[in-house]
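Undergrad: what's the 3D shape of this:
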Amino acid sequence: MHLADWITMILTVLLIPCFGLWKGRGSKTTDDYLRAGKSMPWYAMGLSIMATQASAVTFIATTGQAYVDGMRFVQFYFGLPVAMVILSATAVPIFHRAGVYTAYEYLEKRFDARTRALAATVFLIQRGMAVGLSMYAPAIVMSVIFGWPDRITTLVIGIICVVYTTKGGIPAVTWTDVMQMSVIFAGLILGLVTVVSLLPHGVGFADAVYLAGTVGKLNAVDLKFDPNNRYNLWSGLIGGGFLALGYFGCDQSQVQRYLTGKSEAQSRLSLLFNAMAKVPMQFFILFVGAMVFVFYLFAQPPMLFEKDAMAVVSNQPGYAAVQAGFDKAWERRKHAAELIDAARKRDDSAALARSTAEYRAAQTDVDAARKVGIDLYKKVRGGDFNDTNYIFLTFVTKYFPLGIVGLVIGVIFTAAMSSSSGELNSLATVSVVDLYRRHFKPEASDTHYLMVSRIFTAIWGAWAVVFAQYAKQLGSLVEAVNQIGSFFYPVLLGVFILAFFFRRVGGTAAFWAMLLGEATIVACATFTKVAFLWYNVIGAVAVVVFGVLLSLAQRDAPGQEA
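TA: Predicted structure coming up:
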C-alpha cells in the first residue's frame with residue numbers, strides 16, 4: 001500500500017474505536033456496562049444491530065459469494081422483514097416488561113433455572129464459534145496484503161477488541177457500531193463507483209448490468225421450491241425467516257441491543273429500521289460482487305485468488321501447462337463477453353444467442369482449468385480449498401485508487417472489531433448473568449460483577465483468537481456463520497415460542513424438548529440432503545411439538561409467569 005492508504009487505514013482503525021470509548025465513558029455500574037442504563041436512541045440501536053451483521057465477513061465473503069454464485073444469496077434475507085415485525089410485536093414488549101439483562105433470564109421466570117442454563121449454554125457455544133469467524137476475517141486481509149500469518153492478525157484484533165469492550169461495555173460497542181456503519185455505507189458507494197470507472201472504454205454501467213444478467217450473476221430470485229437448494233424464494237422466506245427470528249429474538253448479541261433502548265417504542269423502531277434497510281443493503285453488496293465479476297471478464301483474474309496457494313502451485317511440475325490452459329480459456333471468455341456486448345448494442349438477437357453460448361462454453365473451460373489448479377494445490381497441501389473470501393480483497397488491493405484501498409481495509413478492520421466486540425460483550429453478559437451470578441456467586445456486590453464481566457470479556461476474546469485458526473477450513477465465511485447458526489438458533493427459537501405462546505408447557509417439558517430438537521437437527525444434517533436453512537424450521541417446530549407432547553404426557557404444572 002502507498003503512504004496515503006496507510007494514513008487512511010490507521011486513522012479509520014483508531015478513530016472509530018476511540019469515538020466509541022468516548023461515547024461509552026462513565027460505565028461504572030453493571031447496568032451501565034451491560035444495558036447502557038437503558039438510554040440508547042432507536043437509530044443507535046438500529047445501526048448497532050445492523051453492524052453486528054455487516055461485519056468484515058459481509059465485505060469479504062458476500063461480495064465473493066456473488067462473484068462465484070450470483071446474487072441468489074440475497075433470498076436468504078427475504079424472511080427478515082417479516083421476522084422483525086413479529087419480534088417488534090412480541091419479544092420487545094415481553095423482554096422490556098420482564099426487566100431482564102438477558103433473554104435467557106426470562107426463561108427462568110417462565111420455566112426454571114435448568115432451562116435457562118441450557119439455553120444460555122447453547123448460546124455460548126454458537127456465539128463463541130461465530131465470534132471466531134468474525135475475528136478471522138481480518139487475517140485474510142493481512143495475508144492478501146502483507147502475507148502475515150493469521151495468528152498474528154487475529155491476536156492483534158483480539159487484543160484491540162478486548163481492550164475497548166472491557167473498558168466501555170455496551171455503550172462503547174453501540175456507538176462504535178454507529179460510526180462504523182456510516183463508514184461502511186461510504187465505502188460501499190465508493191466501491192461501486194470504482195468498479196464501474198475501471199470498466200474498459202465503451203462498457204458503461206448499463207452495459208455491465210446487462211452482461212451480469214446475461215451471464216447469470218443477477219439471479220436474485222428463484223421461484224422453484226426445492227428443499228435441497230440452499231437459496232430460493234421459499235428457503236429464504238421461510239427458512240431465512242425462522243433463522244432471523246432465532247437470531248434477533250433469541251441471540252443475546254441482538255437482544256442486548258434493544259434491551260438498551262429508552263423505551264419499547266425506541267426498541268421497536270430499531271428493529272423496523274433493520275426490516276427496511278437490511279435487504280437493500282445486502283442486495284447492494286452482492287451487486288458490487290457481480291460488478292467485480294463483470295470487471296474480470298475484461299481484466300484477467302489470477303487462477304487462484306489466494307496468494308499463498310498461487311505461490312505453492314507455481315512451484316509445482318506442470319504448472320506452466322495449467323496456467324496456459326487457464327489463460328487460453330479466459331481469452332475465449334473475454335472475447336465472448338465482447339461479442340455479447342456488441343450484439344446487444346446492435347440489437348442482433350441471433351448474434352446474441354451465439355455469443356452467449358460461446359460464453360458459457362468458455363466459462364466451463366475457465367472453471368475446468370481453475371479446478372486443475374486447485375487439484376494441483378490440494379495434491380501438495382491436502383484438505384479442502386476455497387478462495388471465495390479472497391476475491392474482493394484481491395480486486396481492491398490491485399485496482400482501487402490511492403487512498404481508497406486504505407479506507408476499504410480500514411472499514412474491514414473496524415467492521416471486524418465492531419462485530420467481534422458486540423459478540424464478546426454479549427458472551428460476557430450471559431456468562432455473568434445467567435451462569436456465574438445465578439449459580440456460583442448470587443450475592444456479590446455490583447463492583448464485583450462489573451469486574452467479572454470484564455474478565456469474561458477477556459476470556460471469550462482469547463477463545464475467539466484460538467477458534468479463528470480453525471475458520472480457514474470452513475470455506476465461505478458468510479455461509480459458514482449462517483450454517484453454524486442454523487444448528488443452534490432453532491432450539492432457542494423453539495423454546496421461546498413455547499415460553500411466549502404455550503402457557504401450559506412447563507420447565508421439564510421445555511428442557512427435554514430442546515435436547516430432542518437439537519437431536520432432530522443433527523439427524524437432518526447427517527441423514528438427509530435438506531439445505532441448512534430448513535434446519536431452522538425443522539428444529540423450531542420439533543422443539544414446539546416435543547414440548548407440547550411431553551407436557552401432555554407428564555402433565556407438568558405451568559411455570560411462573562413473567
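Undergrad: do a quick rundown of the helices in the stretch 101-250 of the chain.
TA: Counting by DSSP state H, counting those that start in this stretch, the stretch 101-250 of the chain has these helices, from start to end: 103-110, 113-145, 150-197, 205-214, 233-234, 240-250.
Undergrad: also the stretch 301-450 of the chain?
TA: Remark: helices assigned in the stretch 301-450 of the chain by DSSP H, counting those that start in this stretch are 307-314, 319-346, 349-381, 391-399, 404-430, 446-471.
Undergrad: taking helix 391-399 as reference, get the angle to the fifth one.
TA: Helix 404-430 runs at 150 degrees relative to helix 391-399, counting by axes from the mean of the first three to the mean of the last three CA atoms, to 10 degrees.
Undergrad: kindly report the same for the third one.
TA: Relative orientation of helix 349-381 with respect to helix 391-399: 100 degrees, computed using the same axes, to 10 degrees.
Undergrad: what packs against helix 349-381?
TA: Counting by 3 or more CB pairs under 8 Å, 6 or more residues apart in numbering; DSSP states H and E, the packing neighbours recorded for helix 349-381 are helix 307-314, helix 319-346. All C-beta atoms are positioned from the backbone trio N, CA, C, and that covers glycine.
Undergrad: among these, single out whichever gets nearest to residue 119.
TA: Checking these against residue 119 by CB to CB gives helix 307-314 as the closest, at 40.7 Å.
Undergrad: list the buried ones in that closest one?
TA: Burial within helix 307-314, assessed by neighbour count using 16 or more other CB atoms under 10 Å, is assigned to 307, 309-310, 312-313.
Undergrad: which elements pack onto that helix?
TA: If you count contacts as 3+ CB pairs under 8 Å, 6+ apart, helix 307-314 packs onto helix 113-145, helix 319-346, helix 349-381.
Undergrad: what packs against the shortest one?
TA: So that's helix 319-346. Helices and strands touching helix 319-346, by 3+ CB pairs under 8 Å, 6+ apart, are helix 205-214, helix 264-298, helix 307-314, helix 349-381.
Undergrad: any idea of the angle it forms with helix 205-214?
TA: For helix 319-346 and helix 205-214, the angle between their directions (the same axes, to 10 degrees) works out to 120 degrees.
Undergrad: how far does helix 319-346 sit from its chain's centre?
TA: On the basis of CA atoms, centre = their mean, to the nearest Å, helix 319-346 is displaced by 34 Å from the centre of the chain it belongs to.
Undergrad: the first one too?
TA: Between the mean C-alpha location of helix 113-145 and the chain-wide mean there is a distance of 11 Å, by CA atoms, centre = their mean.
Undergrad: ok, residue 530 touching residue 539?
TA: No - the pair formed by residue 530 and residue 539 falls short of the contact definition of CB atoms under 8 Å, at 11.3 Å.
Undergrad: any common contacting residues for those two?
TA: With contacts taken as CB atoms under 8 Å, 6 or more residues apart in numbering, the residues that reach both residue 530 and residue 539 are residue 524.
Undergrad: export the buried residues of helix 307-314 as a markdown table, with columns for distance to residue 517 and pLDDT.
TA: Below are the buried residues of helix 307-314 laid out as a markdown table (distance: CB to CB, whole Å; pLDDT from 0 to 100):
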| residue | distance to residue 517 | pLDDT |
| --- | --- | --- |
| 307 | 43 | 82 |
| 309 | 40 | 83 |
| 310 | 44 | 87 |
| 312 | 43 | 86 |
| 313 | 45 | 87 |
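Undergrad: ok, so of these, who is nearest residue 455?
TA: The shortest distance between residue 455 and any of these, using CB to CB, involves residue 307 and amounts to 38.5 Å.
Undergrad: let me know the secondary structure of the residue nearest to residue 330 when sequence neighbours are not counted.
TA: Computed as CB to CB, 6 or more residues apart in numbering, the closest residue to residue 330 that is not its neighbour in sequence is residue 300, at 5.4 Å. Secondary structure state of residue 300, per DSSP: H, G, I helix; E, B strand; the rest coil, is coil.
Undergrad: circling back to that earlier point, which one, of the helices of the stretch 301-450 of the chain, ends up nearest to residue 215?
TA: helix 349-381 (6.2 Å).
Undergrad: how many residues are close by the residue nearest to residue 431 when sequence neighbours are not counted?
TA: Sequence neighbours aside, residue 456 is the residue nearest to residue 431 in space, at 4.4 Å (criterion: CB to CB, 6+ apart). For residue 456, the neighbour count with other CB atoms under 10 Å is 21.
Undergrad: on that earlier part again, just send the buried residues of helix 307-314 back as CSV, with distance to residue 440 too.
TA: Below are those laid out as CSV (distance: CB to CB, whole Å):
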residue, distance to residue 440
307, 48
309, 47
310, 51
312, 49
313, 53
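Undergrad: out of those residues, flag the one nearest to residue 410.
TA: Within the buried residues of helix 307-314, the smallest distance to residue 410 is 20.8 Å, found for residue 307 (CB to CB).
Undergrad: so that closest one versus residue 447, what's the distance?
TA: Computed as CB to CB, to the nearest Å, the residue 307 to residue 447 distance reads 49 Å.
Undergrad: do residue 274 as well
TA: From residue 274 over to residue 447 the distance is 35 Å, taken as CB to CB.
Undergrad: what about the two, which has more around it?
TA: Neighbours around residue 274 and residue 447, counted as other CB under 10 Å, are more numerous at residue 274. The numbers are 25 against 11.
Undergrad: the more buried one touches residue 83, doesn't it?
TA: No - when contacts are counted by CB under 8 Å, residue 274 is not listed as touching residue 83 (9.6 Å).
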